[in-house]
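In: When you get a sec, could you give me coordinates for this:
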Amino acid sequence: MAGIYIHIPFCKSKCGYCGFYSLPSTKLKDRFLEALKQEIVQRKDYLSPSPVCCVANATPKAINTIYFGGGTPSLLDTNEIGDLLHLINTTYLVANEPEITLEANPDTLSLEYLEDLRNLGINRLSIGIQSFFDNDLQYLGRKHNAEHARQCLDWAKQVGFENISIDLIYGLPTSNAEQWNRNLDIFFSYNLPHLSAYALTLEPNAILTKQIELGKAQPINEDDALRDYEILCSRAAENSYLHYEISNFCRRGMHSKHNASYWFGTPYLGLGPSAHSFDGASRQWNVSNVEDYCDALLSPDRNREAYPPVDKALKEKELLSPEQQYDEYVMLRLRTHWGIDLKWMKKNMGERFSTYCEQHAQPLIAQSRLSQTREFLYLNDAQMLFADGVAEELFWE
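Out: Numbering: from 1, shown residues only. Next up, the predicted model:
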């Protein structure tokens, strides 16, 4: 089992809070798509079994999830998305009925476009609503308005999308407890299966961060974020949504299979500038620059028989030591309601790691910062906000 992530690095404009790599222009889109297709083909063996450990007749890991992220993937037209899906299906071993997610911004969506996406085989939408109130959207630098956000959800359901997730942001200085509750009321009224809700954070190089520093935008308040988080967890539980990861809530069985693969250590291939990959033992990531990425994959001296090494598009590769693999497992699993499985850890990582983890967990349990049920260590709703700090105290010294 494996996944493919495709980073589409273009936006109409940069949102004030965004820290992901993207360009506020599509002028390089055609060249980027040509380079992306080269990478899709040239990385076809990345998810194949290792020659050292594979058995006779071993086959590559089947692709169970495909995720178009960004940036704004919905800036691609449906012919471009269809070409990429066709190339993936003819290059990789793709499972029957894979989860295929496309991130979208409301200002790029129309009824016709959504219908075409559905016909292409996209079966999961992740729509960046962020808020159903215009004052919040203006503060965040979003280009859509609240009315169109709701129209997009109506259209998506009209054309037959059932697996729909939306993003909401809380802890906004333009909001309050009443408005945040009204945001959640609107979400619940659509009976959507999934919600991703994030506290507003200030990324170092984001536009909003600089505006706040210059006194041109209202500062954020951590107490507001804590208040909204508590409201979110309470309302989600009342409406039968499972809080399965710090920022993610779903109906039973409707979690994001692609994102869950990250938290479970499932191998995945990341394509496009700034995309990360993981093969089970090492991580690698591409350069965070569209022009450098395209130059690496579309060298002028290439020919049909001899392409330049795809590794030119790589920025770095890191082989994980057993201790680093332990730290990653602890960090990622503590973010989820599944938690740390000590029995699995002992079997797959060794007794020294499971013993170390359980011993270091005891003071945290005594302080009510961590919970334990049999061989599972996990965080409840209140504890999840401090997952990073708890993980650090469990890390290998």
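
In: and Ser196, how far is that from Leu153?
Out: Taking Cβ to Cβ, to the nearest Å as the measure, Ser196 falls 15 Å from Leu153. The C-beta positions use only the backbone N, C-alpha and C, and glycine is treated the same way.

In: between the two, who's got more neighbours?
Out: More crowded of Ser196 and Leu153, by other Cβ atoms under 10 Å: Leu153, with 23 against 19.

In: which ones are touching that one?
Out: By Cβ atoms under 8 Å, 6 or more residues apart in numbering, the residues touching Leu153 are Ile127, Ile129, Ile164, Ile166, Tyr190, Leu192.

In: What is the neighbour count of the fifth one?
Out: Tyr190 is surrounded by 14 other residues when neighbours are defined as other Cβ under 10 Å.

In: Considering the contacts of Leu153, which possesses the most neighbours?
Out: Ile129 leads the contacts of Leu153 on contacts (other Cβ under 10 Å) with 26 neighbours.

In: quick one, what contacts it?
Out: Pro106, Ala149, Leu153, Ile166, Asp167, Leu168.

In: now, which of those sits nearest Gly272?
Out: Asp167 (20.2 Å; Cβ to Cβ).

In: separation between the closest one and Glu316?
Out: 29 Å.

In: Which of these two has more residues huddled nearby?
Out: Between Asp167 and Glu316, Asp167 has the larger neighbour count (other Cβ under 10 Å), namely 17 against 9.

In: element containing that one, please.
Out: Assigned by DSSP states H and E, Asp167 falls within strand 164-170.

In: Which elements pack onto that strand?
Out: strand 124-130, helix 146-158, helix 177-189, strand 194-199, helix 222-238 (3 or more Cβ pairs under 8 Å, 6 or more residues apart in numbering; DSSP states H and E).

In: Pipe the contacts of Leu153 into a markdown table and attach distance to Gln42 per row.
Out: Below are the contacts of Leu153 laid out as a markdown table (distance: Cβ to Cβ, whole Å):
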| residue | distance to Gln42 |
| --- | --- |
| Ile127 | 32 |
| Ile129 | 36 |
| Ile164 | 34 |
| Ile166 | 35 |
| Tyr190 | 41 |
| Leu192 | 38 |
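
In: The most centrally placed residue in the chain: what's it in contact with?
Out: Centroid-nearest residue in the chain, with Cα atoms, centre = their mean: Asn259, separated by 5.6 Å. By Cβ under 8 Å, 6+ apart, the contact list for Asn259 reads Tyr67, Glu245, Asn248.
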